[in-house]
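Undergrad: Sequence below, structure please.
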Amino acid sequence: MQRSILRKRIRARLAATEILLRALSNKEFSENGIVITPEQYTILSLITDNKELYQRQLSEITLKDRANISRIIKILEGKGLITKIADSNGRQIFKIKPTKKGIELSNKIQPLAKKIRQTATEGISNSEMELFLNILDKIFYNMEIKVSLQI
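TA: Now for the predicted structure:
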């Protein structure tokens, strides 16, 4: 098969896979009475796992812009799942920490998230997953280099 056709198929399959993963996650969250979205859980989980993070760090880790992260933080804070604590330097910079309620919800969601990952990787051997991850890492690196050069 032509290389250009392969590239188009890879792009289309990655996009479709991301859409299906999001749809499955939304379905599972809804069926299990989870009060936040999978996207919000990703942020809550990062904050919970790290005990505290700055908004800038969340943006860097998730590759989401600050406006998107701000919106998610506002929602999580409104639900009482995180708290913002002013940084000691007096500027408008906040450490974001999980609340007890946030930690409990994150712990409740972890088994569900594991189930979703297991569904997504069913029938794939460890060696296949390692090969796939190595290829994705190369694709990621190729794009990261180009994006970094443009900034």
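Undergrad: any idea how far Arg13 is from the nearest residue to Ile93 once chain neighbours are set aside?
TA: Excluding the flanking residues, the one nearest Ile93 by CB to CB, 6 or more residues apart in numbering is Asp87, at 4.2 Å. No exception for glycine: its C-beta is placed from N, CA and C like everyone else's. Computed with CB to CB, to the nearest Å, the distance linking Asp87 and Arg13 is 43 Å.
Undergrad: and the protein, what are its domains?
TA: 3-120, 122-151 (automatic domain parsing).
Undergrad: how distant is the last one from the center of its chain?
TA: In other words, domain 122-151. Distance, stretch centre to chain centre, for domain 122-151: 16 Å (CA atoms, centre = their mean, to the nearest Å).
Undergrad: ok, now stretch 117-137?
TA: In terms of CA atoms, centre = their mean, the centre of stretch 117-137 is set 18 Å apart from its chain centre.
Undergrad: ok, the residue nearest to Ile93 - contacts?
TA: Asp87 is in contact with Tyr54, Ile93, Phe94, Lys95, counting by CB atoms under 8 Å, 6 or more residues apart in numbering.
Undergrad: so what strands line up beside whichever strand or helix holds the last one?
TA: Just to be clear, that refers to Lys95. Lys95 belongs to strand 94-98 when assigned by DSSP states H and E. Each strand paired with strand 94-98, and its direction, by DSSP bridges: strand 53-54 (antiparallel), strand 82-86 (antiparallel).
Undergrad: picking up where we left off before, comparing the domains of the chain, which comes out most buried?
TA: Across these, the average number of neighbours (mean count of other CB atoms under 10 Å) peaks for domain 3-120, which reaches a mean of 15.
Undergrad: ok, for the residue most central in space within the chain, nearest residue in space, not its chain neighbours?
TA: Compute the mean C-alpha point of the chain, and by CA atoms, centre = their mean the closest residue is Thr42, 4.3 Å away. Closest residue to Thr42 apart from its sequence neighbours, by CB to CB, 6+ apart: Thr62 at 6.6 Å.
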